[in-house]
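Asker: Dropping a prediction and its sequence here:
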Amino acid sequence: MNTTNISCENFFPKPYMISYIEEHEDKYEFCLISTSSNGKCPKCNKVCFKEHDYQLRKDVRDLPILGKSVRLSIWHKKYFCCNPECIVEIFTESSEFIDSYTRFTARCKKYILSLASHVSAETASKLLKLQGINVSGDTLLNMLKTC
């Protein structure tokens, strides 16, 4: 029998690097660290390079892997705004991988909304739970209203 090692490096988009992976009986936990070299100020749109710190986002849910749920802890970089006229002094880098103020990655949210738009919220919640994505019917309805 042949065994294959699957590289997880391609599971997540650049600029994220996997710091560690923990496998549990029912889930995988990934810690991702941003390796970006710059960030764009959300107020003045100026690209800035001077790093300030990191900000941790915990318990972000992603698509399941091999039937197990996936939880992410993501370290985003914070930057100083280099525009002296901007009212923002420090900002956290933005990412297409995960929207601000959400607990799901963009691809997980897209999958959830696709399923929830074809069946009732409660049915979608049950189907998603079988796949390793725990989300309530009420949360699904709120997600559908805001998209």
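Answerer: Yep, that arrived.

Asker: how's the protein carved up into domains?
Answerer: Domain assignment for the chain by automatic domain parsing gives 10-99, 104-147.

Asker: average pLDDT for the longest one?
Answerer: This points to domain 10-99. Averaged over domain 10-99, pLDDT sits at 93.

Asker: Endpoints of that domain, how far apart?
Answerer: Domain 10-99 has an end-to-end distance of 20 Å (CA to CA, to the nearest Å).

Asker: And the lengthiest strand in the chain, what's buried?
Answerer: Looking across the chain with DSSP state E, the single longest strand is strand 51-65. Buried residues in strand 51-65, counted by 16 or more other CB atoms under 10 Å: 52, 57, 60, 61, 62, 63, 64, 65. Any C-beta I mention is one placed from the backbone N, CA and C, and that applies to glycine too.

Asker: show me what contacts the most centrally placed residue in the chain?
Answerer: Central residue of the chain (CA atoms, centre = their mean): residue 105, 3.5 Å from the mean position. When contacts are counted by CB atoms under 8 Å, 6 or more residues apart in numbering, residue 105 touches 60, 61, 62, 63, 72, 97, 98.

Asker: Phi, psi for it please.
Answerer: When read as degrees, to the nearest 10, the backbone of residue 105 gives phi -70, psi 160.

Asker: With the one 3 residues further on instead?
Answerer: With angles defined as degrees, to the nearest 10, residue 108 sits at phi -70, psi -40.

Asker: Tell me which two in the buried residues of strand 51-65 are the farthest apart.
Answerer: Across the buried residues of strand 51-65, no pair lies farther apart than 52 and 64, at 34.4 Å, counting by CB to CB.

Asker: these two touch, right, residue 37 and residue 49?
Answerer: Yes: look at residue 37 against residue 49 with CB atoms under 8 Å: they come within range, at 6.7 Å.
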